[in-house]
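Asks: Attaching a predicted model along with its sequence, questions to come.
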Amino acid sequence: MNELTQVQYALDTFYFLICGALVMWMAAGFAMLESGLVRAKNTTEILTKNVALYAISCIMYLVCGYAIMYDGGMFLNGIMGIGDGYYAPSSDFFFQVVFVATAMSIVSGAVAERMKLWAFLVFAVVMTGFIYPMEGSWTWNGDAVFGMYVLGDLGFSDFAGSGIVHMAGASAALAGVLLLGPRKGKYGPKGQINAIPGANLPLATLGTFILWMGWFGFNGGSVLKVADAESSNAVAIVFLNTNAAAAAGAVAALILARLWFKKADLTMALNGALAGLVAITAEPSTPTPFLATVFGAIGGILVVFSIVTLDKLKIDDPVGAISVHGVVGLLGLLLVPITNDGATFFGQIVGALTIFVWVFGASFIVWAILKAVMGIRVSEEEEYEGVDLAECGMDAYPEFTMSK
């Protein structure tokens with residue numbers, strides 16, 4: 001390896017690791033966003049879930065997840081050097097593992113305020129160690145799905161994970177929410193929808209900005225390298241398009257909320273920004289900045305309609321995660337062929353169906369088993385008092401919440 005090649009290798013590796021660190025910082029964004037959008041009495045538990053799920057994701061992906069996704073082995077193979085002797089590059093493992101944690105973080109917010117902590121953590125073990133790595137092997141690794149076809153050969157493309165990460169997380173969340181049921185008091189006996197406001201909108205806003213920042217690593221790191229002119233230009237356009245889509249999503253959602261609800265709804269603006277980010281994630285490198293702005297605006301508009309529709313269907317998602325990451329994740333996949341000649345609408349639809357059917361189906365089975373074995377929902381009394389005391393034995397805001 002000559003000196004120039006060594007420098008390029010070092011720069012590419014350093015860039016990859018820094019992008020991974022930015023994506024890891026998104027864990028803080030999810031924690032702040034979710035803790036801001038739940039009630040004060042449920043804050044400690046949601047923070048505990050976010051810390052624990054990140055740690056579980058790292059362990060399970062190290063033990064078996066990475067090997068399943070990229071080597072075809074099942075247990076203790078790959079990154080640990082056990083089995084067939086395959087050794088994964090450390091930088092690639094680190095970048096991939098923070099994506100796994102992102103997918104799991106999506107589940108956390110959707111099932112907030114009424115799920116048992118330990119049931120959630122057991123599910124996290126299965127999701128990050130098996131369910132996500134399996135669908136990842138059929139998409140980013142290019143393995144055949146059930147031995148029948150390779151998604152990439154059908155024209156499926158997902159640059160940074162609108163479907164593979166975000167829609168997958170939302171699919172797992174939807175399965176859990178359907179079995180869990182809505183929060184007490186969310187829906188009235190005559191079908192009315194009762195708003196349950198979050199406790200700390202400044203925290204939710206901070207969380208959104210952290211996620212927005214981390215997304216530059218999420219999408220930019222997916223270029224995989226930066227130490228040559230072509231790659232550095234690609235990184236620049238990815239950053240530009242990612243930012244443009246987020247900004248357009250926030251503005252579009254805010255305007256629609258003003259027209260529809262007659263108020264500038266902050267939570268819709270926050271989810272609009274995240275929707276714009278999800279929409280552009282499937283392909284941030286080929287659209288023009290103008291098209292990226294349009295795509296982000298479409299995502300911001302769609303997420304408002306989706307949140308309202310799910311509420312009418314009595315699917316209770318306290319943070320709008322299913323709409324942001326699931327509905328708009330699908331949109332992101334369907335937008336790819338507009339600017340990427342290598343993708344087809346048929347391939348995108350087949351890929352989306354493969355991801356949804358596998359993740360939703362497998363997750364539903366795991367949630368159902370957990371419900372039968374240990375229960376997944378806290379008691380009505382514990383839900384009324386708040387899961388902070390029931391699950392963690394402490395309040396996040398002891399001066400402002402009542403505790404025994």
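Replies: Yes, it's here.

Asks: before we move on, what SS does Gln395 have?
Replies: Check again: residue 395 is Asp, not Gln. Using DSSP: H, G, I helix; E, B strand; the rest coil, the structure places Asp395 in coil.

Asks: wait, it sits on Asp388?
Replies: Yes - contact criterion C-beta atoms under 8 Å: Asp395 and Asp388 qualify, at 5.4 Å. C-beta: built from backbone N, CA, C; applies to glycine.

Asks: what residue ranges in this protein score low on pLDDT?
Replies: 1, 72-88, 401-404 (pLDDT under 70).

Asks: In it, where's the longest helix?
Replies: Identified as the longest helix of the chain according to DSSP state H is helix 3-37.

Asks: so what secondary structure elements neighbour the next helix or strand after it?
Replies: Counting by DSSP states H and E, the next helix or strand C-terminal to helix 3-37 is helix 43-60. The contact analysis (3 or more C-beta pairs under 8 Å, 6 or more residues apart in numbering; DSSP states H and E) places helix 43-60 against helix 3-37, helix 90-110, helix 117-126.

Asks: possible to save those as a markdown table with mean neighbour count and distance to Glu230?
Replies: Putting those into a markdown table (neighbours: other C-beta atoms under 10 Å; distance: least, C-beta to C-beta, whole Å) gives the following:
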| stretch | mean neighbour count | distance to Glu230 |
| --- | --- | --- |
| helix 3-37 | 19 | 12 |
| helix 90-110 | 24 | 20 |
| helix 117-126 | 20 | 39 |
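
Asks: Could you save those as CSV and add columns showing distance to Val366?
Replies: Formatted as CSV, those follow (distance: least, C-beta to C-beta, whole Å):
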stretch, distance to Val366
helix 3-37, 21
helix 90-110, 11
helix 117-126, 5
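
Asks: how about the ones you listed, which one is nearest Gly161?
Replies: The closest of the helices and strands packed on helix 43-60 to Gly161 is helix 90-110. By C-beta to C-beta, the value is 6.3 Å.

Asks: between that closest one and helix 117-126, how many degrees?
Replies: Helix 90-110 and helix 117-126 are oriented at 140 degrees to each other (axes from the mean of the first three to the mean of the last three C-alpha atoms, to 10 degrees).

Asks: Let's see helix 90-110 as PDB, backbone CA atoms only.
Replies: Below are the C-alpha coordinates for helix 90-110, written out as PDB (Å, rounded to 0.1, in the frame of the first residue of the first chain):
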ATOM      1  CA  SER A  90     -14.400  -2.700  12.600                       C
ATOM      2  CA  SER A  91     -15.400   0.600  11.100                       C
ATOM      3  CA  ASP A  92     -18.100  -1.000   9.000                       C
ATOM      4  CA  PHE A  93     -19.500  -2.800  12.100                       C
ATOM      5  CA  PHE A  94     -19.600   0.400  14.100                       C
ATOM      6  CA  PHE A  95     -21.400   2.200  11.300                       C
ATOM      7  CA  GLN A  96     -23.900  -0.600  10.900                       C
ATOM      8  CA  VAL A  97     -24.600  -1.200  14.600                       C
ATOM      9  CA  VAL A  98     -25.800   2.400  15.200                       C
ATOM     10  CA  PHE A  99     -28.300   1.900  12.400                       C
ATOM     11  CA  VAL A 100     -29.700  -1.100  14.200                       C
ATOM     12  CA  ALA A 101     -30.200   1.000  17.300                       C
ATOM     13  CA  THR A 102     -32.000   3.600  15.300                       C
ATOM     14  CA  ALA A 103     -34.500   1.000  14.000                       C
ATOM     15  CA  MET A 104     -35.100  -0.100  17.600                       C
ATOM     16  CA  SER A 105     -35.500   3.500  18.900                       C
ATOM     17  CA  ILE A 106     -38.400   3.900  16.600                       C
ATOM     18  CA  VAL A 107     -40.300   1.200  18.400                       C
ATOM     19  CA  SER A 108     -39.700   2.800  21.800                       C
ATOM     20  CA  GLY A 109     -41.800   5.900  21.200                       C
ATOM     21  CA  ALA A 110     -44.800   4.200  19.600                       C
END
